[in-house]
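K.L.:
Below is the sequence, then the predicted model.
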Amino acid sequence: MAAVTPKARRFNPFRRRSKLFGWDTSQKVITFFLVILGLFMLLPLVYIFNHALKPYSELFIFPPNIFVINPTLSNFTELFVVTRDSTVPASRYLFNSILIAVLATGAVIVVSALAAYPLAKHRFPGSKALFSIIIISLMFVPETMMIPRYVVISSIGIIDTYWGHILPHVAAPVSVFLMKQFMDQVPDELIEAGKIDGAREFGIFIRIVMPICLPAVATSAILQFQNIWGSTETSVLFMTDDAMKTFPFFLQTLTQNLANSVARQGAAAAASLVMFLPTLFIFLVFQRKVIATMAHSGIK
Amino acid sequence: MSTIELKQSAVVRRSKPSFSARMKQFFQEVWNYRLSYLFLAPFVITFFIFIMLPVLAAMGLSFFYYNGMQTPHWIGWANYQYLFSQDTLFLQHALPNTIKFAVIVGPGGYIASFILAWLIAQLPDRIRLWFVLAFYAPSLATGIAMSIIWIPLLSGDRIGYLNSFLLTLGIIDEPQLWVLDKDYLMTSMIVVTLWSSMGVGFLAMLAGVLNVDKTLHEAGRIDGIGSRLQEVWYITIPAMKPQMLFAAVMAIVSAFKTGHIGVELSQSNPTPQYAGNLLVNHVEDYGLIRFELGYASAVSVVLLIIIFIANRLSWKLFGTKGDE
């Protein structure tokens, strides 16, 4: 921060001015501006909720109404009736999805955090090369990887198992990158101090490094849950047994090919709300954590 | 760590010479760091099997002719030669479109994310969460957002919101085809993508801004920092450099890897006169529609190289400012 001093001094008069306007006024101005913008950005969420409650007479209006006029729960009954009649019970798909999303998100967090720590804090041979490879792997478009990926999955024999759903998600370069960046901010002195106090490497990781990078953990959890919960890719490519497929895949089979038809549009609207709620829940829980941890502790 | 490092530097100074001695020293060093490798093992193993192998296989496929059914046969550099000499779709549309799109959307989304993250951090604690939710909403509800907000908004007839608004104001005389006209499609795509660009980079930067030690701001004020802008420039940004870097990489990568937006907006594939044809569309065109997987792989390798170069350029730009 040494570089600041000479330049900043010249602007000393500003200091009085910012005091004159005061902290609260600027907060008000910012809030007002953000409310306007935020309301516009929030429209899709408002729409999802309202759309699920629309009766058939309102579902097809163009341009669509954002707010529902005569709310009804009939779409949910329709969704329930449609799912009740399927050969594999819908509860099975839901069970698969919840199990996979929870296990895979948890696995991603643990595996990524374990990998990010040495990348950030140890200078082992090959660390730079490994980090570059992780970054470069972010840059490859997944479309052409599908067939090689299928070959890999089928040759290790995890087609039609839960492993086939979970393992492809476990290595998440984005999460490793994110956590590594946060761990970079952990001061080396803190780790040294821990060592002097006799903590082992693993103890340092759990007690010193992890608490500081909790925001990265929460952010990764949001991102990964969102991806894994909504993903139909593993169901489409690696599962042949219907009972092994996931809830989003099931909803897709119900609502796909409906682009120009009227039947089941109500169920589709209800389904998109049902799909969306867990993501929203996870986002609120974890983002609240990010904001709360931040308010109390900063890195010294 | 320091004891190990000291030991190593001592070893380095002593030894110069023979190959076997250097190998021995290398293995000694690897052995010293065995715990680091243990931490890395679960990630590296799954990464290698499920990401590296498929990526390497796809890269290898770019030297083959492969249609998904017959066994691939080796054609060397032919895919690349065709791509750079005869593929007019690539040279005239996909490549320039992608570069134009990414040059605006990458930095634009990055700056917008930072400004919003910073503004949200200035708000009182209690309402912050709801603002984060609002700005992250387009990323939470990707597909839905598109069909609901933007298609009716940009609709080409008189009832499209934008058209009817501009007609009432008298700015235009007749409805404009915002997403079907090749002159407007790219602009529409850029605006919509910017709107939804508050993604994981935004969340990371928000956490970064909130993470900045409050005492730093006080110290800055004592040192004579007057305006808020100076505070952001001299204190906030340097203190959250790792998050800025993360967001920059993600912004560049996602700007180049975007592909569906043109198709979704114009609701036609390919987009009208290829005005919204991006490199990812080109990959999908060959990979998923024409089933020329070898050629699609070649295009994605070229895309990888382009993203890599873009990243290098931006790291250079950033590197000069910081101390790392």
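P.N.:
Here it is on my side, so go on. Numbering: from 1, shown residues only, chains lettered A, B, ... in the order given.

K.L.:
Please, where are all the helices along the stretch 201-324 of chain B?
P.N.:
Per DSSP state H, counting those that start in this stretch, the stretch 201-324 of chain B carries helices over the ranges B:214-222, B:228-231, B:237-239, B:241-257, B:260-266, B:279-284, B:293-319.

K.L.:
burial measure for the residue of the stretch 101-250 of chain B found nearest chain A, as a count.
P.N.:
For the stretch 101-250 of chain B, the residue positioned closest to chain A under CB to the nearest CB is B:G226, at a distance of 3.1 Å. No exception for glycine: its C-beta is placed from N, CA and C like everyone else's. With neighbours defined by other CB atoms under 10 Å in any protein chain shown, the count for B:G226 comes to 20.

K.L.:
what do you get for the one 3 residues further on?
P.N.:
Neighbours of B:L229 under the rule other CB under 10 Å: 11.

K.L.:
Just want to check the distance between it and B:I237.
P.N.:
Taking CB to CB, to the nearest Å as the measure, B:L229 falls 11 Å from B:I237.

K.L.:
Over to A:S74?
P.N.:
When A:S74 is compared with B:I237 (using CB to CB), they lie 53 Å apart.

K.L.:
Of those two, which one has the most company?
P.N.:
B:I237 (19 against 15).

K.L.:
residues in contact with stretch A:121-141?
P.N.:
Here stretch A:121-141 makes contact (CB atoms under 8 Å, 6 or more residues apart in numbering or on different chains) with A:118-119, A:173-174, A:176-177, A:180, A:183, A:186, A:188, A:191, A:209, B:1, B:5, B:26, B:29-30, B:33, B:36-37, B:40, B:44, B:47, B:51-52, B:55, B:58, B:249-250, B:253, B:256-257, B:280, B:283, B:300, B:303-304, B:307-308, B:311.

K.L.:
In ChimeraX, how would I select the buried members of those residues?
P.N.:
Of the contacts of stretch A:121-141, the buried ones go into a single ChimeraX selection, burial set by 16 or more other CB atoms under 10 Å in any protein chain shown:
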select /A:118,119,173,174,176,177,180,183,186,191,209 /B:29,33,36,37,40,44,47,51,52,55,58,249,250,253,256,257,280,283,300,303,304,307,308,311
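
K.L.:
Any chance of the helices of the stretch 201-324 of chain B in CSV with mean pLDDT and distance to B:V191 as columns?
P.N.:
What follows is those, written out as CSV (pLDDT from 0 to 100; distance: least, CB to CB, whole Å):
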stretch, mean pLDDT, distance to B:V191
helix B:214-222, 80, 35
helix B:228-231, 82, 27
helix B:237-239, 87, 27
helix B:241-257, 91, 14
helix B:260-266, 84, 10
helix B:279-284, 90, 19
helix B:293-319, 88, 21
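
K.L.:
from the ones you listed, which stretch is densest packed?
P.N.:
Of all those, helix B:279-284 carries the top mean neighbour count, a mean of 25, counting by mean count of other CB atoms under 10 Å in any protein chain shown.

K.L.:
okay, it in PDB with CA atoms only?
P.N.:
Provided in PDB are the C-alpha atoms of helix B:279-284 (Å, rounded to 0.1, in the frame of the first residue of the first chain):
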ATOM      1  CA  LEU B 279     -17.300 -21.200 -33.100                       C
ATOM      2  CA  VAL B 280     -19.300 -23.400 -30.700                       C
ATOM      3  CA  ASN B 281     -22.100 -23.500 -33.200                       C
ATOM      4  CA  HIS B 282     -19.600 -24.500 -35.800                       C
ATOM      5  CA  VAL B 283     -18.400 -27.400 -33.600                       C
ATOM      6  CA  GLU B 284     -21.900 -28.500 -33.000                       C
END
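
K.L.:
hey, which helix or strand in chain A has the poorest pLDDT?
P.N.:
In chain A, no helix or strand scores lower on mean pLDDT, DSSP states H and E than helix A:4-9, which sits at a mean of 43.

K.L.:
Run through the chain and note the low-pLDDT ranges.
P.N.:
Using chain A. Chain A contains residues with pLDDT under 70 at A:1-24, A:255-263, A:293-300.

K.L.:
try again with chain B
P.N.:
In chain B (pLDDT under 70), the answer is B:1-17, B:143-148, B:318-324.

K.L.:
wait, what's in contact with B:W315?
P.N.:
B:W315 neighbours (CB under 8 Å, 6+ apart): B:L245.

K.L.:
picking up where we left off before, same list (the helices of the stretch 201-324 of chain B) but as JSON lines, adding distance to B:P72.
P.N.:
Listed next are the helices of the stretch 201-324 of chain B as JSON lines, based on distance: least, CB to CB, whole Å:
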{"stretch": "helix B:214-222", "distance to B:P72": "57"}
{"stretch": "helix B:228-231", "distance to B:P72": "57"}
{"stretch": "helix B:237-239", "distance to B:P72": "49"}
{"stretch": "helix B:241-257", "distance to B:P72": "25"}
{"stretch": "helix B:260-266", "distance to B:P72": "28"}
{"stretch": "helix B:279-284", "distance to B:P72": "17"}
{"stretch": "helix B:293-319", "distance to B:P72": "6"}
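
K.L.:
Which one of those lies nearest to A:A270?
P.N.:
helix B:260-266 (22.7 Å; CB to CB).

K.L.:
Counting by contacts, list what that closest one packs against.
P.N.:
helix B:182-195, helix B:279-284 (3 or more CB pairs under 8 Å, 6 or more residues apart in numbering or on different chains; DSSP states H and E).

K.L.:
looking at those helices, which is buried most?
P.N.:
Taking mean count of other CB under 10 Å, helix B:279-284 is the most buried of those, at a mean of 25.

K.L.:
Find out how far it is from the centre of the chain, if you would.
P.N.:
Put simply, helix B:279-284 sits 16 Å off its chain's centre (CA atoms, centre = their mean, to the nearest Å).

K.L.:
Can you confirm whether it lies near chain A?
P.N.:
Yes - Helix B:279-284 reaches chain A (CB under 8 Å from any CB of the partner chain) through B:V280, B:V283, B:E284.

K.L.:
Skipping adjacent residues, who's closest to the first one in space?
P.N.:
Same thing as B:V280. Closest residue in space to B:V280, ignoring its immediate chain neighbours: B:G259 at 2.8 Å, by CB to CB, 6 or more residues apart in numbering or on different chains.

K.L.:
One more: the last one?
P.N.:
Closest residue to B:E284 in three dimensions, ignoring its sequence neighbours and counting by CB to CB, 6+ apart: A:E143, at 5.6 Å.

K.L.:
Can you give me the neighbour number for that neighbour?
P.N.:
A:E143 has 19 nearby residues by other CB under 10 Å.

K.L.:
Would you agree it is in contact with B:S297?
P.N.:
No - judged on CB atoms under 8 Å, A:E143 makes no contact with B:S297 at a distance of 9.4 Å.

K.L.:
neighbours of residue 162, just the number please.
P.N.:
Picked chain A for this. A:Y162 has 15 nearby residues by other CB under 10 Å.

K.L.:
nope, chain B
P.N.:
Neighbour count of B:L162, defined by other CB under 10 Å: 18.

K.L.:
cool, and the one 4 residues further on?
P.N.:
Here the neighbour count serves as a burial measure; for B:L166 (other CB under 10 Å) it reads 15.

K.L.:
Check which helices and strands the host helix or strand of it sits against.
P.N.:
Using DSSP states H and E, B:L166 sits in helix B:161-169. On a contact count with 3+ CB pairs under 8 Å, 6+ apart, helix B:161-169 meets helix B:151-154.

K.L.:
what sits up against the helix it packs on?
P.N.:
Residues beyond helix B:151-154 that count as contacts (CB under 8 Å, 6+ apart) turn out to be A:F62, A:P63, A:P64, B:G160, B:Y161, B:L162, B:W178, B:V179, B:S188, B:L265, B:Q267.
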